[in-house]
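# From the sequence below, what's the structure:
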Amino acid sequence: MLEPINGRTMFYGKSDVLTYRTYAKPLAVTPVPESSFTGCDNIIFAHNITFAVTGEAFLPSFSEGNNSMVVATDSMKNFILRNTADYTGSTTEGLLQLLSSRFLDKYDHVTAVSVSADRLPFEQVMVPGVDGLKQSHLVLRHSNNESYSASLTIKRGENGTEVIAHECRLKDLQLIKVSGSSFYGFVRDEYTTLPESFDRPLYIFLNINWTYSDVEHALDGDLGQYVAAEQVRDIAHSAFHELNSPSIQSLIYQIGLRVLSRFPQLATVSFESNNRTWETIVEPEETKGGVFTEPRPPYGFQGFSVSRADLAGETA
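As a prediction, the model looks like this:
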């Protein structure tokens, strides 16, 4: 997010810049026990990019209609597309840094850039090979499952451009656990109609965000410290499977501790969760499954962040 200039909000930019780069550098990551993901070929390195700029020089364009310092947003789009071809790295964050730093180098009246990108997921299909099924290096399918995004804010400093804020995000993870969750012991008063539950199916929508202690680990996949969204996703899967959680609050806290434990290079993990637990129509019995339907709005939600201080407290 760009900071106000002299107390005034002032920025402009371009959104929905779709870039489909082929044959970017493959990404390799350090394995973790909960995930089989060890990297990807980056055959299609595709993003939906939002790019915003700020600077005192743009004030006349707002206050006087003077466009002499305005870089047209159509030019921003062209800049993003053409410079994407020059990216030699393997991470979304690295691409965003390249675009931002080059833009600041090109236009010296721009003081800061805020850029974010949603990774557009394409998965290699499986095809027959000599030794069985293998991943095709030619055919990929667009995935509609959870996705990954990243954002950077880059500012012109005394020693060149510097990243002053960043965030990585796994979006729209949807998980259902059919048994092994509960919710009881909450406040009961004249407004309470919800019954206590000691074994319920739990359906959650989840966004997971994280930051690095050193952003260079996100920018350069070759440093061996990059954390893939697929690994964070798989850790969430494992924690949900293993834990008998008394609430969504407790579940996301435990997922956060697990992620920080696996990745010492991360500073924080935060969550935005949404309770979409099915409505029970027929209670499950010992020898017979239950029947459920979609819940009706409104929906409960949670927000929470976990830090290294929490992890230290758990292990002390």
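
# Paired strands for the host helix or strand of L138, with orientation please.
According to DSSP states H and E, L138 maps onto strand 132-142. Sheet pairing here is set by DSSP bridges, and for strand 132-142 it gives strand 122-129 (antiparallel).

# check which helix or strand covers the closest residue to S305 other than its chain neighbours.
The spatial neighbour of S305 that comes closest, neighbours along the chain excluded (CB to CB, 6 or more residues apart in numbering), is S270 at 3.7 Å. C-beta: built from backbone N, CA, C; applies to glycine. Per DSSP H and E: S270 is located in strand 266-275.

# buried residues in that strand?
Neighbour counts over strand 266-275 (16 or more other CB atoms under 10 Å) mark 266, 268-273, 275 as buried.

# which among these gets closest to Q225?
Among those, L266 lies closest to Q225 (CB to CB), at 9.4 Å.

# tell me the contacts of the closest one?
Remark: with contacts taken as CB atoms under 8 Å, 6 or more residues apart in numbering, L266 is in contact with 210-213, 227, 259-260.

# same deal with H47?
So H47 contacts 18-19, 92, 95, 117-120 (CB under 8 Å, 6+ apart).

# Below-threshold pLDDT in the stretch 201-316 of the chain: ranges please.
The model of the stretch 201-316 of the chain has pLDDT under 70 over residues 315-316.

# try it again with 80
Scanning the stretch 201-316 of the chain for pLDDT under 80 picks out 286-287, 313-316.

# and the closest residue to N275 other than its chain neighbours, how many neighbours does it have?
For N275, ignoring the flanking residues on the chain, the nearest one in space by CB to CB, 6+ apart is G300 at 4.2 Å. Applying other CB atoms under 10 Å, we find 11 residues neighbouring G300.

# Kindly report the same for L98.
For L98, the count of nearby residues is 17 (other CB under 10 Å).

# So it sits against A85, correct?
No: counting by CB atoms under 8 Å, L98 does not reach A85; the two are 10.8 Å apart.

# Run through the strands of the stretch 51-200 of the chain in chain order.
Taking DSSP state E, counting those that start in this stretch as the criterion, the stretch 51-200 of the chain carries its strands at 112-120, 122-129, 132-142, 147-157, 160-183, 197-212.

# possible to save these as JSON lines with distance to E285?
Formatted as JSON lines, the strands of the stretch 51-200 of the chain follow (distance: least, CB to CB, whole Å):
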{"stretch": "strand 112-120", "distance to E285": "44"}
{"stretch": "strand 122-129", "distance to E285": "39"}
{"stretch": "strand 132-142", "distance to E285": "40"}
{"stretch": "strand 147-157", "distance to E285": "38"}
{"stretch": "strand 160-183", "distance to E285": "12"}
{"stretch": "strand 197-212", "distance to E285": "12"}
